[in-house]
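Peer 1: Mind looking at a prediction? Sequence and model below.
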Amino acid sequence: MTIKDKIFWWQSLPSMWQEILLLNYFIEIKRLEKGQGRSIFLSEPMESYKRLYNTNFNYNSFDIDEELINQIVKMDTLCCNGYPIKNLKPIYPLKLKRLAICKTKINKLKKVKSFLELEELDVDDCNIHNLKGIEQFKNLKVFFACSNPITNLSPLSNLNNIETLWLTDCAIKDISPINKLKTLKRLNLSDNKIVDIKALRGLFKLENINIGNNRIYDLTPISKRKQITALDIYGNKISNLSDLKELINLRALYANYNFIANIDDLKHLKELKYLHLSENKIKDLDPIKNLNKLEALYCFQNLIESIKPLYNLTGLKSLNCHSNLIPKEE
């Protein structure tokens, strides 16, 4: 585009889009000044960013000149969260790599097809029923689609570069299509209706997994995964932690609100720093007495009879063990 074309494009933009673009430009400058980088996927309305940067932003106060329009056209990151936009046609000149359109009226991914070079896309809470069209985004590395009534994950199966996938609070039961996502490192499937996680068996690059608040009872598919550093399995039907004993690099485990009585297998997890075991059926903490890197332990609402096994954990900074059977003298 020539500068004349860019000026004409800007002058033709609806005022709402001018506000969105100028606010993004302003926030990008502020973030870079603070050394915060460009990732703006906080799933918050843009009003929140105004408060975050303590500004009474008014797009009419900007002096719009050729240089400013040039800088806006060069932006590769855009957040439109909370605006009542229905499509992205007005911003066709932009070559976006990161786009957040949470809580907008864009309820079909085909409306984003003008930006096939995207590497990061956030469509949380957009009332999206179908992921059809996502397969066209060959460069996509990060995809958030939380709080949407999604059931079919088949369109995801061809995302050969995806590293981060968040699909929390949807209506998902079957996750088998994601078994082809061999590049996946971070996965959040919490707050769904998942029973079977066999699809995770071949995903050997996974480092961070959140499958909390589902209906899972078998963790075998993620056993022997030495690369996993964080695992969240809260609120499931898990009674046995034996499948975790070879996760020797695990640093954070959230296993609260399950049916766990025996924690013997945790003694092998020497790298653990954060451990959440609350609301289970645990009686004995002896298996974790030698986890010397432990910094935070939450084990309230169990059947624990003594905390003496914790006395030598000198690195423990946070401990919550209320509502147990621990003698007062301890």
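Peer 2: Looks like it arrived, so ask away.
Peer 1: was I right about L231 contacting N249?
Peer 2: No. If you go by CB atoms under 8 Å, L231 and N249 don't touch, sitting 10.8 Å apart. Bear in mind the C-beta positions are built from the backbone N, C-alpha and C, glycine included.
Peer 1: So which of the two has more stuff around it?
Peer 2: For L231 versus N249, the count of surrounding residues by other CB atoms under 10 Å is larger for L231: 23 against 16.
Peer 1: Remind me which helix or strand the more buried one belongs to.
Peer 2: Element membership of L231 [criterion: DSSP states H and E] is strand 230-232.
Peer 1: I'd like to know which elements the next helix or strand along the chain from that strand is packed against.
Peer 2: Using DSSP H and E, the helix or strand that follows strand 230-232 in sequence is strand 252-254. Under the contact criterion of 3 or more CB pairs under 8 Å, 6 or more residues apart in numbering; DSSP states H and E, strand 252-254 touches strand 230-232, strand 274-276.
Peer 1: ok, strand 252-254: who's next to it in the sheet?
Peer 2: Sheet pairing of strand 252-254 (DSSP bridges) gives strand 230-232 (parallel), strand 274-276 (parallel).
Peer 1: Now do the helices in this structure.
Peer 2: Secondary structure of the chain (DSSP state H): helices at 3-12, 15-33, 46-52, 66-74.
Peer 1: Out of the ones you listed, name the one with the poorest average pLDDT.
Peer 2: Comparing mean pLDDT over the helices of the chain, the weakest stretch is helix 46-52, at a mean of 55.
Peer 1: E295 contacts G315, doesn't it?
Peer 2: Yes. The pair E295 and G315 qualifies as a contact (CB under 8 Å) at a distance of 5.7 Å.
Peer 1: So for these two, which sits in the more crowded spot?
Peer 2: A direct count of neighbours by other CB under 10 Å for E295 and G315 places E295 higher, at 15 against 11.
Peer 1: So which bits of stretch 191-198 are buried?
Peer 2: Of all the residues in stretch 191-198, those buried under the rule 16 or more other CB atoms under 10 Å are D191, N192, I194, D196, I197.
Peer 1: swap in stretch 322-330?
Peer 2: Applying 16+ other CB under 10 Å to stretch 322-330 flags N324, I326 as buried.
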